[in-house]
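>>> sharing a model that was predicted from the sequence below.
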Amino acid sequence: MAAPHDGPSHGRKGGLPRSLGRALDLCCSLCLGIAGLCLVLMTGVVSWSVFGRFVLNDTPAWADATAMLLMGWVILGAAAAGVREGFHMGFDTLKHVLPAPIARACDLVSDLVVTLFGLGMAWFGGELALGVWDATLPAIGLPGAVEYLPLVLGGIMIGLFGAERLAAHLAGEEAPSEALVTPLVSDA
């Protein structure tokens, strides 16, 4: 006689394997960690720039370019985590008054659009990065492609997290943010 089965090996009704979900949890935490670190660094760079400008009367040339570069990492890391947590734009207000099948279709459309948008960002950001790889950013001396790396990596993560949400909704499950007891980020 077979032993009772505790459910699917992937932890949900039919979606992604549990190990992939844990890996995506780690990726989401990493995105937030990088965004947080870059925010702290950007605050330090801007503070140094203000100190240099108004106290030392010598504005560091690299500060503005570095702050803008760090801001790209902050925005796109947090945006990717926001997709995973379900904070991206969707049809939430509308779907609560719609019949369940139409609300489910809204979830699918929203997740598909977000996934395609993220993949498009990664693709076209990669083309931009390759186009300026041999250029040098004059203020900080790094290759020009460095400006587009947040766009590429953020787009990959947005596409990946959007695809995870899409797969969950296609399987009739809750998306990752809906399944979490304690979300990583909160709008409260």
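Ah, there it is. Here the structure is a predicted model, which means the values were calculated and not measured. Numbering: from 1, shown residues only.

>>> any weak-confidence spans in this structure?
The model of the chain has pLDDT under 70 over residues 1-16, 88-91, 177-188.

>>> helices of that one, start to end?
In the chain, helices defined by DSSP state H lie at 18-54, 61-85, 92-95, 100-131, 149-170, 176-179, listed in chain order.

>>> how about the ones you listed, which one is nearest residue 142?
Within the helices of the chain, the stretch nearest residue 142 is helix 61-85; the backing value is 8.1 Å (C-beta to C-beta). All C-beta atoms are positioned from the backbone trio N, CA, C, and that covers glycine.

>>> next, the buried residues of the closest one.
Neighbour-count burial for helix 61-85, counted by 16 or more other C-beta atoms under 10 Å, picks out 62-63, 65-67, 69-85.

>>> neighbouring contacts of that helix?
Around helix 61-85, the neighbours that count as contacts under C-beta atoms under 8 Å, 6 or more residues apart in numbering are 24, 28, 31-32, 34-35, 38-39, 41-42, 45-46, 48-49, 52, 88, 114, 118, 137, 139-140, 146-147, 150-151, 153-155, 157-158, 161-162, 164-165, 176-177, 180, 183-185.

>>> measure residue 113 to residue 85 for me?
With distances taken as C-beta to C-beta, to the nearest Å, residue 113 is found 17 Å from residue 85.

>>> setting the sequence-adjacent residues aside, check what's closest to the residue sitting nearest the centre point of the chain.
For the chain, residue 80 is the residue whose C-alpha lies nearest the centre (C-alpha atoms, centre = their mean; 0.9 Å). Distances taken as C-beta to C-beta, 6 or more residues apart in numbering place residue 157 nearest to residue 80, at 3.6 Å, with adjacent residues excluded.
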